[in-house]
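Engineer: Build me a model:
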Amino acid sequence: MKQKGFITIIASLLILAIGSAGLIAYIQGSEERVKKELMEMGATIPVTVAIFETSLAVKISSSATTMTLTSASTTAGDDLSGYLCFAIDEGSASEEFVCGTASSTKIVSMIRGIDPVDGDLEVSSLKKAHRRGSSVKITNHPGLAIISRIINGDETFPNRLSYTATNTYTAGSSQIPDVNYVDRVATSGAAMASESVAGLVEIATYTELTIHSATGSTAAILMIPNEFVSSTSTASSTIVISESDGNIAQGYFDLEEDWTFAGTVISTYTTTTEDIGASSTTIPVVSTSDYPSSGTILIESEAITYATTNATNFGGAVRGVLGTSASIHTTSTEVENYSFFVTAGNTSISGDAYLSGNTYLATTTFSVIPTLPSATPTASYDASSKAYIDESIRELGSWATSSCDNAVTQATTDGYVVVLGSGASSGPGRLDGFTDGSNPPTTMRGTVTLDDVYATYGSFVMPVRKDDYWEINDDAVGVTVTILCHWIPLQ
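Structural biologist: From the prediction side, this is the model:
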C-alpha cells in the first residue's frame, strides 16, 4: 500500500514537471513571437533548393550563430549561396531547424530553433547543441511557412511587388494594381485648367516655350514655371515680362557686359522744307509732332537750340551751340531730335558704353551730382572729378627762412628753395644745391660762384619734389660765406 502511494506521488511530480516545462516553453515562444511581430516589417523568404545533404564539419553550441559544413556543392555543381534553411539531426531528439546566409561551406547570421509552424520565429527551447558529423539537410519548410503566412495575411512582403508589364484591371475588383494605374486613376476625369476652371496643367519645358506651344504632350495647358519669368532667376534662359509700370526690370540685362551700338543712334528726325541761312532763327520742317516743345536739334554737324514750336517750325533758334558752327542747310536735309533728358535717380553703367556713328555733343541737366571714377583723366575731352581739379590747382604757401649750410632736409610738400649767399673774404667761392630721392642727395640742380670783387652776393632758385631730400653745400676756398635758405611750399 505504501509502495503504491509512493509511486502515485512520483507520477504526480513528473506530470507537474512536464506541464511546467511545456508552460515555460509556451511562454517563451509567445514572448519571442510578440517581439518578432513588433520588430519585423516582413520576413525574408529563403532561397529554394531541391535536394542537398551534408554534415557539420565542426560541432556547434545551442547559441552559435555560425556553422561550417563539410561540403557545399549542389547536384548542379554550384556552391551554396544566399539565405537558406537547414534541418540538423532530422528525426532525432536533437532535431532543429535553422536559417542563415550561405557562402559555400560557411553559414553566418543564423537564426536558431525555428518554430515548425511559423517559419522564421526563434524558440529558445528548440535550440540544440550538435556534434561534429551531425546530419545537415536543406529544408524548404521555413520558406513555405513564410509564404503561407504572407498569403494568409499573418506576415508582410519583404519587398515591393512588381509586374513584368503594365496590366489592365477590373474596376471595383480587389485586384492589386500597379503605380501607373493608380496615377492614371488619380487624374482620370479631371478637368483641364482654363482661366475660369481649376484643373490639370502641364509644366512647360524651355523648348515648348520657344515654339509657342499652347498644350503639352498630355494635352493639358502649358504653365510657365516661375524660374523662366523672374528677373532674378538663376535659369540660363528667361522670358522678359514687364513690371506693373510697363517697364522691363533692370535684372533682365547684363549690366557688366560691354554695350556696342553700331551705326547712328537716332531718336526722332524730320526734314527741312526750304533752304536755311546761317543766321536764320526759324527752322521750317515737315513736322515737329515728335519733338519736345523746346530743346535741341541737329542739322548735319550744327547743333541748334529752339524755344518754341508750331506744326512745321522750330522758333527762337540759337545757332551753332555746343561747340558747333552755324552754317547753311539746303531743303530736305534731315533734322534730328538732339534733346536728351535724365530722369530723377542714379544711372549706373558697369562696363563700357560705345556709340558708333554720330558723336553727340548734347548737354543735359542732372537731378543729382554725378560721381566720376577715381581714374585720372588722360585725354583733353575726358571729364574730370573735383578731386582731380583740386589737385591740379596749386598755391604758394608761407615763407620759411633758415641757415642751411651742408644740412640735409626732406621736403614734406612740393616747393622751391631760394638760396642767398654772401662772401666776406678774398678768394673765390661757390654754393651748390643738390636734390633727389637719395639721402644725402647727389644730383646738383643749382649753383652760384662768389668772390670779394665782382660777386660778393649770389643766389639761385631750386625746385624740390615732395618727399625728396635737398642740401646746399659751401665749396668756398679761403672765403667766408654766409648762406640763407628761403623755403616756400607749393600747396
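Engineer: what is the rounded mean pLDDT of stretch 383-397?
Structural biologist: The average pLDDT for stretch 383-397 rounds to 75.
Engineer: Please point out which parts of that stretch sit buried.
Structural biologist: Within stretch 383-397, the residues that qualify as buried by neighbour count (16 or more other C-beta atoms under 10 Å) are Ser385. Glycine gets a C-beta too; all of them are placed from N, C-alpha and C.
Engineer: Same question for stretch 201-211.
Structural biologist: Going by 16+ other C-beta under 10 Å, stretch 201-211 has these buried residues: Val201, Glu202, Ala204, Glu208, Leu209.
Engineer: Between its first and last residues, what's the separation in that stretch?
Structural biologist: 18 Å (C-alpha to C-alpha, to the nearest Å).
Engineer: can you check stretch 275-287 too?
Structural biologist: End to end - C-alpha to C-alpha - stretch 275-287 spans 16 Å.
Engineer: From the chain's centroid, how far away is stretch 145-163?
Structural biologist: In this view, stretch 145-163 has its centroid 49 Å away from the chain centroid, taken as C-alpha atoms, centre = their mean, to the nearest Å.
Engineer: what does stretch 85-99 give?
Structural biologist: So, by C-alpha atoms, centre = their mean, the centroid of stretch 85-99 is 64 Å from its chain's centroid.
Engineer: would you list the buried residues of stretch 201-211 in JSON lines and tack on pLDDT?
Structural biologist: JSON lines is the format used below for the buried residues of stretch 201-211 (pLDDT from 0 to 100):
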{"residue": "Val201", "pLDDT": "83"}
{"residue": "Glu202", "pLDDT": "83"}
{"residue": "Ala204", "pLDDT": "80"}
{"residue": "Glu208", "pLDDT": "76"}
{"residue": "Leu209", "pLDDT": "71"}
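Engineer: Can you tell me which of these comes closest to Thr376?
Structural biologist: Using C-beta to C-beta, Leu209 is the member of these that lies nearest Thr376, at 48.9 Å.
Engineer: Pick out whichever of the buried residues of stretch 201-211 sits closest to Glu122.
Structural biologist: Closest approach to Glu122 among these (C-beta to C-beta): Glu202, at 53.7 Å.
Engineer: So which of the buried residues of stretch 201-211 are in helices?
Structural biologist: Judged by DSSP state H, the buried residues of stretch 201-211 include Glu208, Leu209 as members of helices.
Engineer: now the buried residues of stretch 201-211 as a markdown table including distance to Thr288?
Structural biologist: Converted to a markdown table, the buried residues of stretch 201-211 look like this (distance: C-beta to C-beta, whole Å):
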| residue | distance to Thr288 |
| --- | --- |
| Val201 | 52 |
| Glu202 | 53 |
| Ala204 | 47 |
| Glu208 | 48 |
| Leu209 | 43 |
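Engineer: The buried residues of stretch 201-211: which two are farthest apart?
Structural biologist: Between any two of these (C-beta to C-beta), the greatest distance is 13.9 Å, for Val201 and Leu209.
Engineer: Common neighbours of the two, please.
Structural biologist: By C-beta atoms under 8 Å, 6 or more residues apart in numbering, Val201 and Leu209 have these common neighbours: Leu222.
Engineer: Ala145 - that's part of a helix, no?
Structural biologist: Yes - assessed with DSSP: H, G, I helix; E, B strand; the rest coil, Ala145 lies in a helix.
Engineer: And it, how close does it get to Leu126?
Structural biologist: For Ala145, the distance to Leu126 equals 14 Å [C-beta to C-beta, to the nearest Å].
Engineer: check contacts around the residue lying closest to Ala198 once chain neighbours are set aside.
Structural biologist: Leaving aside its sequence neighbours, Ala198 sits nearest to Ala191 (C-beta to C-beta, 6 or more residues apart in numbering; 7.5 Å). Counting by C-beta under 8 Å, 6+ apart, Ala191 touches Val197, Ala198, Gly199, Leu200.
Engineer: so which of those residues comes closest to Thr401?
Structural biologist: Ala198 (95.1 Å).
Engineer: from memory Asn54 sits against Met67, does it?
Structural biologist: Just so we're on the same page, residue 54 is Thr rather than Asn. No - in this structure, Thr54 is not within contact of Met67 by C-beta atoms under 8 Å, at 10.8 Å.
Engineer: any residues in contact with both of these two?
Structural biologist: In contact with both Thr54 and Met67: Val136, using C-beta under 8 Å, 6+ apart.
Engineer: And these two? Which one has more around it.
Structural biologist: Shown here are Thr54 and Met67; by other C-beta atoms under 10 Å, Met67 has more neighbours (23 against 17).
Engineer: Give the bridge partners for the more buried one, please.
Structural biologist: Ile107 (DSSP bridges).
Engineer: Quick check: it vs Ala102, distance?
Structural biologist: 10 Å.
Engineer: same thing with Thr170?
Structural biologist: 42 Å.
Engineer: swap in Glu257?
Structural biologist: Distance from Glu257 to Ala102, by C-beta to C-beta: 67 Å.
Engineer: more crowded one of Thr170 and Ala102?
Structural biologist: The neighbour comparison of Thr170 against Ala102 (other C-beta under 10 Å) goes to Ala102, with 21 against 7.
Engineer: Mind pulling the model confidence for Gly351?
Structural biologist: Predicted confidence (pLDDT) for Gly351: 42.
Engineer: Let me know the next secondary structure element after the worst-scoring helix or strand of the chain on mean pLDDT.
Structural biologist: Here the helix or strand of the chain ranked lowest by mean pLDDT, DSSP states H and E is strand 353-355, holding a mean of 39. Next along the chain after strand 353-355, taking DSSP states H and E as the criterion, comes helix 386-392.
Engineer: from memory Asn473 sits against Leu431, does it?
Structural biologist: Yes - counting by C-beta under 8 Å, Asn473 does reach Leu431; the two are 7.2 Å apart.
Engineer: Please identify which of those two sits among more neighbours.
Structural biologist: Between Asn473 and Leu431, counted using other C-beta under 10 Å, the more crowded position is Leu431 (24 against 18).
Engineer: Hmm, Asp474 and that one touching each other?
Structural biologist: Yes - between Leu431 and Asp474 there is a contact under C-beta under 8 Å: 6.3 Å.
Engineer: overlap in contacts of these two?
Structural biologist: Joint contacts of Leu431 and Asp474 (C-beta under 8 Å, 6+ apart) are Gly421, Val481, Ile483.
Engineer: Which of the residues you listed fall in strands?
Structural biologist: Gly421, Val481, Ile483 (DSSP state E).
Engineer: which one of these has the most neighbours?
Structural biologist: Most crowded among these, counting by other C-beta under 10 Å, is Gly421 at 26 neighbours.
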